[in-house]
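Colleague: Could you look at this predicted model? Sequence included:
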Amino acid sequence: MRPDLDKSIFPIDGFQALDNFSAHAIALWGREFPTAEHAFQWKKFSYIRPDIAERIFSAKSPDEAKSIAKASKADRSADWNERKVSVMEEILKAKVSQHADVRETLIETGERTIIENSPADSFWGIGPNKDGQNMVGKIWMDIRNSYMKNTQKKIWFRRKIFGWGWTPVTWQGWAVTFGYVAALIGLSFFINGQASSRQTASVFAISAAILTFLMIFIAYRTGEKPRWQWGRDMGDPSGASSDKDAR
């Protein structure tokens with residue numbers, strides 16, 4: 001079943017922290033790996049071919065680590081296919097627990113579908129027909145659900161798709177928005193009932209500025225980080241696809 005791409009995000013643009021190639025060191029299994037990709041590829045050979053595992057550990061980039069593992073595919077653990085999902089879960093849980101920016105990024109995804117946007121991988125990613133198993137995305141969403149349940153933090157406002165600002169997505173967000181608009185309308189009626197003067201205009205301007213500041217402050221504290229954008233925040237997957245092949 002294909003995901004609803006209009007309600008999905010991909011580990012690109014502002015969500016690079018969820019990519020296994022991102023520069024987030026992972027402390028796991030008595031080692032500190034440069035990236036999650038290093039850890040995942042290392043684990044394939046750590047018991048059966050420690051020499052290959054060491055080459056992967058010392059690789060200068062996640063691409064190099066993956067290339068070494070791919071060239072040595074015949075030498076990896078025989079039970080790797082049975083263990084690979086649990087290994088990935090362990091790595092991503094370590095990543096989110098060890099890096100505050102990863103946790104923040106994960107929270108910002110809200111309730112949207114997280115997709116590993118790989119056209120060449122139908123297991124870990126979305127695959128060429130966009131109907132892949134998307135296991136990396138599913139693991140991230142499971143971690144997110146568990147983390148959100150424990151922290152009870154809920155996003156009230158999402159970033160606007162067009163321009164800069166927020167859109168309310170929960171009843172709390174809508175209540176704040178309607179309260180802000182109602183306060184501005186009430187202020188306007190009050191000012192209109194007063195004698196026109198520069199002082200009245202100044203009172204209106206100052207009061208409106210204070211209300212707007214409070215609205216922005218609440219949205220910033222309870223919503224996603226704002227940024228200027230024009231169009232769907234994660235872009236069209238056909239134009240922003242990762243070239244990662246199967247792990």
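Modeller: Noted; the coordinates are in hand. Residues are numbered from 1 along each chain as shown.

Colleague: shaky segments in this structure?
Modeller: 1-14, 149-153, 193-198, 229-247 (pLDDT under 70).

Colleague: all helices for it, in order.
Modeller: Using DSSP state H, the helices of the chain run over 36-43, 50-57, 62-71, 80-98, 100-108, 135-151, 171-192, 198-222.

Colleague: From the contact counts, what lies against the fifth one?
Modeller: When contacts are defined as 3 or more Cβ pairs under 8 Å, 6 or more residues apart in numbering; DSSP states H and E, helix 100-108 packs onto helix 80-98, helix 135-151. The C-beta positions use only the backbone N, C-alpha and C, and glycine is treated the same way.

Colleague: Could you do the third one as well?
Modeller: Contacts of helix 62-71 with other secondary structure elements, assessed using 3+ Cβ pairs under 8 Å, 6+ apart, are made with helix 36-43, helix 50-57.

Colleague: Check the ones you listed for me and report the most buried one.
Modeller: The highest average neighbour count among the helices and strands packed on helix 62-71, using mean count of other Cβ atoms under 10 Å, belongs to helix 36-43 at a mean of 27.

Colleague: hang on, the earlier thing: okay, the helices of the chain in a markdown table with distance to residue 20 next?
Modeller: Below are the helices of the chain laid out as a markdown table (distance: least, Cβ to Cβ, whole Å):
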| stretch | distance to residue 20 |
| --- | --- |
| helix 36-43 | 4 |
| helix 50-57 | 13 |
| helix 62-71 | 7 |
| helix 80-98 | 8 |
| helix 100-108 | 11 |
| helix 135-151 | 7 |
| helix 171-192 | 32 |
| helix 198-222 | 30 |
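
Colleague: so which of the ones you listed is the most packed in?
Modeller: Among those, highest average neighbours (mean count of other Cβ under 10 Å) belong to helix 36-43, with a mean of 27.

Colleague: Outside of it itself, list whatever touches it.
Modeller: Contacts with helix 36-43, where a contact means Cβ atoms under 8 Å, 6 or more residues apart in numbering, come from 20-22, 24, 26, 28-29, 31, 33, 53, 56-57, 59, 62, 65-66, 68-69, 87-88, 91-92, 94-95, 247.

Colleague: Looks like residue 44 contacts residue 77 (just checking).
Modeller: Yes - look at residue 44 against residue 77 with Cβ atoms under 8 Å: they come within range, at 6.3 Å.

Colleague: between these two, which one's more packed in?
Modeller: Counted by other Cβ atoms under 10 Å, residue 44 and residue 77 do not tie: residue 44 has more neighbours, with 23 against 16.
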